[in-house]
Structure formats: C-alpha cells, structure tokens
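**Student:** I would like the atomic coordinates for the input below:
(chains A and B)
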Amino acid sequence: EAQVTQNPRYLITVTGKKLTVTCSQNMNHEYMSWYRQDPGLGLRQIYYSMNVEVTDKGDVPEGYKVSRKEKRNFPLILESPSPNQTSLYFCASRSWDSGSQPQHFGDGTRLSIL
Amino acid sequence: GENVEQHPSTLSVQEGDSAVIKCTYSDSASNYFPWYKQELGKRPQLIIDIRSNVGEKKDQRIAVTLNKTAKHFSLHITETQPEDSAVYFCAAQRGSGAGSYQLTFGKGTKLSVIP
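**Tutor:** So this is what the prediction gives:
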C-alpha cells in the first residue's frame, strides 16, 4: 500500500530536549516536504527536499532542521524545542515528474512542548 | 513568494444545498491548483485539482473553476451531504523558476452541512 508514515503520532516533551520526527514513504517519490498546521493559519511549509541531499527552506524554517540521506526518509529535527513549536506536523511526498502531481500526506504528528 | 487567500473561513449550508469556496493567488507563474479536504483529526486528502491550461474540471458533485486572468479559483460542491462537513484547503503551486513545486495553502474553510 502506497503511504507516507510518520512517527511518533503524538509526543509531549519539554523545552530544550532534542527530538526527531521521522517520515518515510514507499512510493519512490523524489519530493518530500514538512508542514505545520496551526488553527487559523492553515498549512505552512517548513522545509522541503527535491531529492537526496537536496533540501531547502520553506516559509517557516526557524528552529527546525532536516536531512535527506535516503530517498525514502525525510526526518524533521528540533534541536532545542520551544513551546511555540507546539503544533500538528505533516510530512508529504510526491513524484517529481511534470511538477503537477498531488502531494500525499502522512497521518500527522501532534507535538506538545511544555 | 506566493500568497493564497481563501474565503469564507467558515460556511454553513443546509443538506442538499450548494457550497462555494473561493481562493485568490498572487503569483501569475502558479499553474497547479489542488483542493484538499481534511476531516477532524485526519490528514489532508486531495479531492480535486486543476491545471492552468484548463478552465473547469468536474468530478461528480465537486467542480473547480479557474480564472487565470483574475487569478482566482473556486470549489463548488453540489447536493451537499453531512459527510461533506470538513475543513477544505485550496493551494497554488509554481511549475518552474524560483520556488517552483512549493505548494502554498490558503488558511482553510470549515464547512458544516446541517442535516
């Protein structure tokens, strides 16, 4: 089954404690992306990757890091989480060809930073 | 960069009526416009999309129209049903150049269909 898998689904942690949210897709997609969703603000892009070792900032990259060492994985790293990073996070992927392909979303990760 | 405005933010309709959600975009280079439906606690799921070389697309009760000159596009849902209740997001994407393939979302419309 084609899917984007995020882990964990839920996490409550404390300020300053490094955490990683993993994202894996099994569709051989070149493009992967991270979004955060906050009430009234919609989905805002954090980082994206067009292929292995190619990443770039989205609209709200501050406080986040990513890496793309393998095509299927695109982890989101919060080196020193703060309460304003409490949010619902989605990973998404899509095929690169033609550019007009829909994004497939994971089930989301709800992060609470105390 | 691209800016997508979506209206209204909330919409209530009676079951069986039509619902219309409108979006405008700022970047004339955008050429792909998907619509996503997000049910409570779930991930966004694509319901329909349109490319800039097409003015209208229909899929059963759902249709999307695009006016490139005015830079706006709309989602139309006819014969609404309670299961249509959800948050709907429009988005716009550039096909080439700087920032291409980035998807910019509107802030969402919460649609409530009243039985």
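**Student:** close enough to count as contact, residue B:13 and residue B:79?
**Tutor:** No. Here residue B:13 does not reach residue B:79: they are 10.6 Å apart, not a contact under Cβ atoms under 8 Å. C-beta coordinates here come from the backbone N, C-alpha and C atoms, glycine included.
**Student:** contact partners of the helix or strand of chain B with the lowest mean pLDDT?
**Tutor:** Least confident helix or strand, chain B: strand B:103-105 with a mean of 91, by mean pLDDT, DSSP states H and E. Outside strand B:103-105, the residues that touch it by Cβ atoms under 8 Å, 6 or more residues apart in numbering or on different chains are A:33, A:35, A:42-45, A:59, A:103, B:1-4, B:25, B:34, B:36, B:89-93.
**Student:** Chain A against chain B: which residues are in contact?
**Tutor:** By Cβ under 8 Å from any Cβ of the partner chain, the residues of chain A that approach chain B are A:31, A:33, A:35, A:40-45, A:48, A:50, A:58-59, A:90, A:96, A:99-100, A:102-103, A:105-108.
**Student:** Out of the contacts of strand B:103-105, which end up buried?
**Tutor:** Neighbour counting over these (16 or more other Cβ atoms under 10 Å in any protein chain shown) leaves A:33, A:35, A:42-45, A:59, A:103, B:2, B:4, B:25, B:34, B:36, B:89-93 as the buried ones.
**Student:** Next up, the contacts around residue B:44.
**Tutor:** Residues in contact with residue B:44 (Cβ under 8 Å, 6+ apart) are A:43, A:90, A:105, B:36, B:37, B:38, B:89.
**Student:** Serialize the residues you listed to TSV and add fields for secondary structure.
**Tutor:** Below are the contacts of residue B:44 laid out as TSV (DSSP: H, G, I helix; E, B strand; the rest coil):
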residue	secondary structure
A:43	strand
A:90	strand
A:105	strand
B:36	strand
B:37	strand
B:38	strand
B:89	strand
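**Student:** out of those, which one sits closest to residue B:17?
**Tutor:** Closest approach between those and residue B:17, by Cβ to Cβ: residue B:37, at 17.8 Å.
**Student:** Next one: that closest one relative to residue B:10, how far apart?
**Tutor:** Counting by Cβ to Cβ, to the nearest Å, the gap from residue B:37 to residue B:10 is 15 Å.
**Student:** which one of the two has more residues nearby?
**Tutor:** Of the pair residue B:37 and residue B:10, residue B:37 is the one with more neighbours under other Cβ atoms under 10 Å in any protein chain shown, namely 20 against 10.
**Student:** dump the residue contacts of the more buried one.
**Tutor:** Contacts for residue B:37 (Cβ under 8 Å, 6+ apart) come out as B:44, B:45, B:47, B:86, B:87, B:88, B:89.
**Student:** Could you pick out the buried ones from the residues you listed?
**Tutor:** Applying 16+ other Cβ under 10 Å to the contacts of residue B:37, the neighbour count classes B:44, B:47, B:86, B:87, B:88, B:89 as buried.
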